[in-house]
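Chemist: From the sequence below, what's the structure:
(one chain, ligands or ions: 1)
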Amino acid sequence: DNGCSSIRVPDKRHGSGCLPRVSGLSGIRAFCTNQDLSIKKCVPCSSKDLKPMTDEAANILIQRVPGWNLVKDDDGTHKLHRSWKVKTFVKGMEFLRLVADVAEAEGHHPDLHLVGWNNVKIDIWTHAVGGLTENDFILAAKISGLNLHHLLRITPSH
Ligand SMILES: C[C@H](O)[C@H](O)[C@H]1CNC2=NC(N)=NC(=O)C2=N1
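Modeler: Coordinates of the predicted model:
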């Protein structure tokens with residue numbers, strides 16, 4: 001110690017609270033220490049730079065949206081999928097309305113299904129890239145954050 005005092009300046013090299021990019025996880029826009037994806041914003045899907053994330057990245061991010069599953073459709077497109085059982089058909093429509101409002105606010109849109117009168121099923125992927133981007137996980141986290149309790153069947157069986 002040379003007796004001099006100094007003011008510590010936070011290390012800003014990696015941006016606000018973000019860790020440096022990790023090789024192999026290039027599909028994750030910002031690999032931040034913040035675990036809550038729902039406070040992030042979707043970016044426009046029209047960007048030429050937007051690419052589908054790697055399976056490795058998707059397998060990490062899926063852990064941050066409990067209840068959602070990674071699925072592959074018949075064409076091999078990776079998607080996020082989740083289903084809920086609702087109390088009534090009309091409550092199913094209310095559910096979809098709430099999701100539609102989130103999707104519009106984010107400019108990122110899921111496929112919405114209300115089938116067999118009381119099953120809400122949602123698929124999310126990024127049409128523009130034919131695969132998954134961080135936007136899909138952000139939207140899933142925001143949907144999970146909605147207050148849907150009053151619309152759901154008491155004993156969900158899915
Ligand atoms: C410009 C705007 O971001 C794009 O047209 C958006 C609209 N919503 C979208 N939603 C989803 N899921 N995928 C897209 O590629 C997409 N494109």
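Chemist: Could you use CA atoms for every contact and neighbour count after this?
Modeler: OK.
Chemist: mind checking the longest strand of the protein?
Modeler: If you go by DSSP state E, the chain has its longest strand at strand 78-85.
Chemist: is the ligand contacted by it?
Modeler: No. If you take C-alpha under 6 Å from any ligand atom as the test, strand 78-85 misses the ligand, and the best it gets is 9.9 Å.
Chemist: What helices and strands are in contact with that strand?
Modeler: strand 69-72, strand 119-124, helix 134-144 (3 or more C-alpha pairs under 8 Å, 6 or more residues apart in numbering; DSSP states H and E).
Chemist: Beyond that strand, next helix or strand please.
Modeler: helix 89-106 (DSSP states H and E).
Chemist: That following helix and the ligand in contact?
Modeler: No. Helix 89-106 lies apart from the ligand when judged by C-alpha under 6 Å from any ligand atom; the minimum separation is 8.1 Å.
Chemist: ok, residues contacting that helix?
Modeler: 41-43, 86, 109-110, 112, 114, 117-120, 139, 142-143, 146, 148, 151-152 (C-alpha atoms under 8 Å, 6 or more residues apart in numbering).
Chemist: ChimeraX command to pick out the buried ones of those residues?
Modeler: Selection of buried members from the contacts of helix 89-106 for ChimeraX, criterion 16 or more other C-alpha atoms under 10 Å:
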select :41,42,43,86,109,110,114,118,119,120,139,142,143,148,151,152
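Chemist: Can you give me the distance of the residue nearest to the spatial centre of the chain to L70?
Modeler: Geometric centre of the chain, nearest residue: F137, 1.6 Å, by C-alpha atoms, centre = their mean. In this view, F137 and L70 are 11 Å apart by C-alpha to C-alpha, to the nearest Å.
Chemist: what are the C-alpha coordinates of stretch 135-148, in CSV please?
Modeler: Taking Å, rounded to 0.1, in the frame of the first residue of the first chain, the C-alpha atoms of stretch 135-148 are listed here in CSV:
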residue,chain,number,x,y,z
ASN,A,135,-36.8,-13.1,-28.6
ASP,A,136,-38.7,-16.4,-28.3
PHE,A,137,-37.4,-17.0,-24.8
ILE,A,138,-38.2,-13.4,-23.8
LEU,A,139,-41.7,-13.7,-25.1
ALA,A,140,-42.1,-17.1,-23.3
ALA,A,141,-40.9,-15.5,-20.0
LYS,A,142,-43.3,-12.6,-20.4
ILE,A,143,-46.3,-15.0,-21.1
SER,A,144,-45.3,-17.0,-18.0
GLY,A,145,-45.3,-13.7,-16.0
LEU,A,146,-49.0,-13.0,-16.9
ASN,A,147,-51.6,-13.5,-14.2
LEU,A,148,-53.5,-16.3,-15.8
